[in-house]
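Enquirer: turn this into a structure:
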Amino acid sequence: MTGKSKKGQAYRYAPAFILLFLSTENMYGAALYNKMQMEIPFCHADGAVVYRTLQDLEEEGSVKSYWDTIAPGPAKKWYQITERGLERLEEYREEIEARKKNLEFFLDSLEKIPGRPFIKK
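Expert: Predicted structure coming up:
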């Protein structure tokens, strides 16, 4: 796999994970980034990816934002999932389930290759 395709894969589902986390609670960007780093086993998204993805999701209407100026410290921009975001979350679920089935087929088929000297476990 080339470096370019690895990079593309690392960020492919960033919107899905952001919508997933926002479906349970409103969050601000840094909190989302930290949650992704802590909870996603192979998260390679950096802060710029999270903020760019939030901007894209807001532009398409999947999230909306508001500013918290009441809490102590600097104002924070919070994000909330919308009805469109919940629809997108379902679309991601369907896509990920299909991809998972294809990957399971690949792994099952790989196990059936006689000898398999190239396979490391």
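
Enquirer: could you point out the longest helix in this protein?
Expert: Counting by DSSP state H, the longest helix found in the chain is helix 83-111.

Enquirer: show me which positions of it end up buried.
Expert: Applying a neighbour-count criterion of 16 or more other C-beta atoms under 10 Å, one finds 85, 88-89, 92 buried in helix 83-111. Quick note: C-beta positions are derived from backbone N, CA and C, even for glycine.

Enquirer: equivalent analysis for stretch 19-34, please.
Expert: Neighbour-count burial for stretch 19-34 [16+ other C-beta under 10 Å]: 19-22, 26-29, 31-33.

Enquirer: can you list contacts of that stretch?
Expert: Stretch 19-34 is contacted from outside by 18, 35-36, 45-47, 50-51, 54, 57, 62-63, 68, 76-81, 85-86, 88-89, 92, using C-beta atoms under 8 Å, 6 or more residues apart in numbering.

Enquirer: so how do I select the buried members of the residues you listed in PyMOL?
Expert: Written as a PyMOL command, the selection of buried residues from the contacts of stretch 19-34, which uses 16+ other C-beta under 10 Å, is:
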select buried, resi 18+35+36+45+50+54+57+62+63+78+79+81+85+88+89+92
